[in-house]
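Colleague: Need the 3D shape of this:
(one chain, ligands or ions: 3)
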Amino acid sequence: MLYGMLELSIRCPKCDGPVPLNGPWEVAHCDRCQADVVIPHDYWTDILTDIATALKTELQEGEGTNATIFGNFHTTLLYGRLKPYCPGCKEDFEPRADAADEYAHACPSCGYETLVAPAPAWLREEYPAARVVVNATPQGKVEGEAAAASGPVVFSCLKCGGALEVDGTERLVPCSFCGVKVYLPDDLWLRLHPAKTKARWFVGFDEGEIKAEGD
Ligand SMILES: [Zn+2]
Ligand SMILES: [Zn+2]
Ligand SMILES: [Zn+2]
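Modeller: Ligands and ions are numbered 1, 2, ... in the order given. Below you'll find the model as predicted:
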């Protein structure tokens with residue numbers, strides 16, 4: 001199994017804001033303008049084919065490179081030939097590449113759990129060399145976790161000054177004192193829903209399935 005590390009983001013087609021892609025997502029969410037951006041399968045198969053080819057033909061173990069890809073999305077990409085490592089303590093580990101279901105790899109040194117998942121079915125169908133995905137954020141889980149982690153905060157009603165308890169689930173919060181509906185300002189909303197940042201994830205490729213470009 002040949003492992004590639006990826007760290008990438010695209011520019012939101014609606015607002016030009018950076019949108020990290022922390023996994024082989026089919027839909028990404030822009031935290032700046034709240035647009036849902038559909039990421040076509042072709043986008044992933046093109047990028048992963050290029051990366052796998054570079055891993056096999058150009059890069060030595062431990063080497064990486066940057067790329068900016070214009071075209072459908074303006075993509076900023078960092079990738080390298082690196083084995084998966086624990087995000088907690090940076091220790092390498094060997095995932096079970098043939099696992100039929102996703103599982104959490106518990107680091108023997110620090111206990112940090114890293115998600116290991118088979119490549120999504122659509123990806124295996126379109127690019128069979130891609131086998132396993134490590135430390136990708138599952139699509140759609142990001143926002144709920146961020147809101148839950150920050151806990152409730154108190155905000156004063158803009159009309160009567162009464163204390164509103166805000167938990168981040170609704171942006172329009174009714175005041176229990178005067179009944180006005182308060183629309184939470186951007187800075188508070190962003191504190192409750194921190195913008196996603198880029199995270200490193202890994203794809204394991206079956207070396208025998210990687211074809212050189214033009215084959
Ligand atoms: Zn946007
Ligand atoms: Zn660790
Ligand atoms: Zn009020």
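
Colleague: which one is residue 13 nearest to, not counting chain neighbours?
Modeller: If the residues on either side of it in the chain are set aside, residue 13 comes closest to residue 37, at 6.4 Å by Cβ to Cβ, 6 or more residues apart in numbering. From N, CA and C alone the C-beta is placed, and that goes for glycine too.

Colleague: what's the answer for residue 160, then?
Modeller: According to Cβ to Cβ, 6+ apart, the nearest residue to residue 160 is residue 178 (4.1 Å).

Colleague: how about residue 55, secondary structure?
Modeller: The assignment at residue 55 comes out as helix when based on DSSP: H, G, I helix; E, B strand; the rest coil.

Colleague: for residue 46, same thing?
Modeller: With three-state DSSP as the basis, residue 46 sits in helix.

Colleague: separation between it and residue 30?
Modeller: Computed with Cβ to Cβ, to the nearest Å, the distance linking residue 46 and residue 30 is 21 Å.

Colleague: So between those two, which is more surrounded?
Modeller: In this comparison of residue 46 against residue 30, neighbours counted by other Cβ atoms under 10 Å, the higher total goes to residue 30 at 21 against 15.

Colleague: correct me, but that one touches residue 14?
Modeller: Yes - contact between residue 30 and residue 14 holds when scored by Cβ atoms under 8 Å: they sit 6.7 Å apart.

Colleague: On the strand side of things, show who residue 76 bridges to.
Modeller: When bridges are assigned using DSSP bridges, the partners listed for residue 76 are residue 9, residue 68.

Colleague: which ones are touching it?
Modeller: Shown here is residue 76, whose contacts under the criterion Cβ atoms under 8 Å, 6 or more residues apart in numbering are 8, 9, 10, 18, 66, 68.
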